[in-house]
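>>> Here's my sequence, what's the structure:
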Amino acid sequence: MSSPSNVAESPITDRRELVEYIASGNKPKDAWRIGTEHEKFGFRLDDLRPPTFDGERGIEALLTGLTRFGWEKVEEHGRTIALLKDGASVTLEPAGQLELSGAPLENIHETCRETNAHLAEVKTVAQELQLGFLGMGFQPKWRRDEMPWMPKGRYKIMREYMPKRGDLGLDMMTRTCTVQVNLDFASEADMVKKFRVSLALQPIATALFADSPFTEGKPNGYLSYRSHIWTDTDPDRTGMLDFVFEDGFGFERYVDYLLDVPMYFSYRNGEYIDLSGKSFRRFMDGKLEALPGALPTLRDWSDHMTTAFPEVRLKKYLEMRGADGGPWNRLCALPAFWVGLLYDDVALDAAWDLVKDFSNAERHALRDGVPKHALKLPFRNGNLRDLALEALKISAAGLQRRARKNANGADESIFLAPLIDFAEANETPAERKLALFHGEWGGDIDHVFAEFAY
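Take a look at the predicted model:
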């Protein structure tokens, strides 16, 4: 989740400004970049509990410790709630999950170096505080009421509103972690094609990255429980967005969708104003009771765009949102998978050919079935694994054609290795952890913190 946007404060007076704001993301191909974000669970080494915000071993102490590496503090009411450096940020999810929002980079080699440097910095400071960090899609041990809350104004508003719209929204906030990649487009037509391909194939990413099979120390019946949580969070702002596949879809249609997503807040004079459930359309008419006569700014619009949570999200770029968090090598694999599919014209055409005849019903069946069944989900005359293998083949060829090589002459397709392993073995990370749980761990979930910590 995001911090307040750093964009213009001038009032919005016309819907066209909202369309133009998104359209301003159009970039020539040589300016396309890769922005990777990942979240991770902190835990205290002695009792495995998540660290609170305050205290000598708290999250704020960790953030302060990271400033030795050149990060600058971002404060809210005098408390450190984020860090900034060189186009990247370190931010906090509601229960203290630590997120790196990486800088816009040119290739996956740079992305992996950035990720490894960040994890090394975090580990250095965390060890001093007797903390560890774990990459998974869902908190495997602790109950919702045992999770701490971070002192951020937007989270207080969301915490109060979420239970009005779904039963699992607070779990989404406090007990999930994801990895996502943000990718550019050249034009409205390019955005539309990439949006359709990535939305249709998002269940494949969910399956390949499925790593949330435990709740409160026991198997929960899902392989990606994180993905299931989104089906009962808030129907106004989640889902597969069928309209993306309709004729005439473009920037304007997405703006209309966002205008119908109820608001959470407006950030004014350093404070979050509770506007939960209110209409952005009424805001544009100056008719919100909480802000009488006030008009929204582009910062309000930019913030509002971050409060819609579909499987793929459009801002000035496209965000791929389907994957569970995981270990370091999968943090590099996720951007590699999508860059291979979307940043090479031949691969994008092949990926579109793969999904263009999917019906709405099939897309929904994939999305709804993948949290439980992942790669083994039946699809047409086979299963999702068949689709995953084909998508991985297309992605690898796209990365090879991009030919962005490291010092050893290897192209970006090397980062797909863990995903190819899962698909060929027909076994997700979640299934491998379940086998350990039922086998050598003897049903003791605590082993996951030792064996899978960064």
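>>> hey, let's count contacts and neighbours off CA atoms from now on
Will do.
>>> Send me the strand or helix carrying residue 19 as PDB with only the CA atoms.
Secondary structure from DSSP states H and E places residue 19 in helix 15-23. Taking Å, rounded to 0.1, in the frame of the first residue of the first chain, the C-alpha atoms of helix 15-23 are listed here in PDB:
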ATOM      1  CA  ARG A  15     -13.000  14.500 -16.000                       C
ATOM      2  CA  ARG A  16     -10.700  14.800 -18.900                       C
ATOM      3  CA  GLU A  17      -7.900  15.700 -16.500                       C
ATOM      4  CA  LEU A  18      -8.200  12.300 -14.900                       C
ATOM      5  CA  VAL A  19      -8.000  10.600 -18.300                       C
ATOM      6  CA  GLU A  20      -5.000  12.700 -19.300                       C
ATOM      7  CA  TYR A  21      -3.300  11.900 -16.000                       C
ATOM      8  CA  ILE A  22      -3.300   8.200 -16.800                       C
ATOM      9  CA  ALA A  23      -2.500   8.800 -20.500                       C
END
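>>> what's residue 390 in contact with, if anything?
Residue 390 sits next to no residue when contact means Cα atoms under 8 Å, 6 or more residues apart in numbering.
>>> ugh, typo on my part, it should be residue 116
Applying Cα under 8 Å, 6+ apart, the residues near residue 116 are residue 328.
>>> coming back round to it: from the middle of its chain, how far away would whichever helix or strand comes after the helix holding residue 19 be?
Counting by DSSP H and E, the next helix or strand C-terminal to helix 15-23 is strand 34-44. Offset of strand 34-44 from its chain centre (Cα atoms, centre = their mean, to the nearest Å): 10 Å.
>>> Follow the chain on from strand 34-44 and name the next helix or strand.
Immediately after strand 34-44, counting by DSSP H and E, sits helix 59-66.
>>> Would you mind pulling the contact partners of the helix or strand just after that next one?
Next in sequence after helix 59-66, counting helices and strands by DSSP H and E, comes strand 72-76. With contact meaning Cα under 8 Å, 6+ apart, strand 72-76 is reached by 64, 67, 80-85, 152, 270.
>>> nearest residue to residue 139 other than its sequence neighbours?
In this structure, residue 139 finds its nearest non-sequential neighbour in residue 175, 5.0 Å apart by Cα to Cα, 6 or more residues apart in numbering.
>>> What is the neighbour count of residue 113?
Neighbourhood size, residue 113 [other Cα atoms under 10 Å]: 12.
>>> gap between it and residue 430?
26 Å (Cα to Cα, to the nearest Å).
>>> any weak-confidence spans in the stretch 301-450 of the chain?
The stretch 301-450 of the chain contains no residues with pLDDT under 70.
>>> Neighbours of residue 31, how many?
Residue 31 - counted by other Cα under 10 Å - has 12 other residues nearby.
>>> Kindly report the same for the one 5 residues further on.
As a burial measure, the neighbour count of residue 36 was computed by other Cα under 10 Å and equals 28.
>>> Which positions are bridged to it in the beta structure?
residue 181 (DSSP bridges).
>>> ditto for residue 383
residue 378.
>>> Let me see the ranges of the strands in the stretch 51-200 of the chain.
For the stretch 51-200 of the chain, the strands defined by DSSP state E, counting those that start in this stretch cover 72-76, 79-85, 88-92, 98-101, 131-134, 178-183.
>>> ok, residues contacting the fifth one?
Right, strand 131-134. 40-45, 51, 57, 123, 126, 326-327, 449, 452-454.
>>> distance of the nearest residue to residue 452 once chain neighbours are set aside from residue 324?
Distances taken as Cα to Cα, 6+ apart put residue 134 closest to residue 452, at 6.4 Å, once the chain neighbours are dropped. Residue 134 is 12 Å from residue 324, where distance means Cα to Cα.
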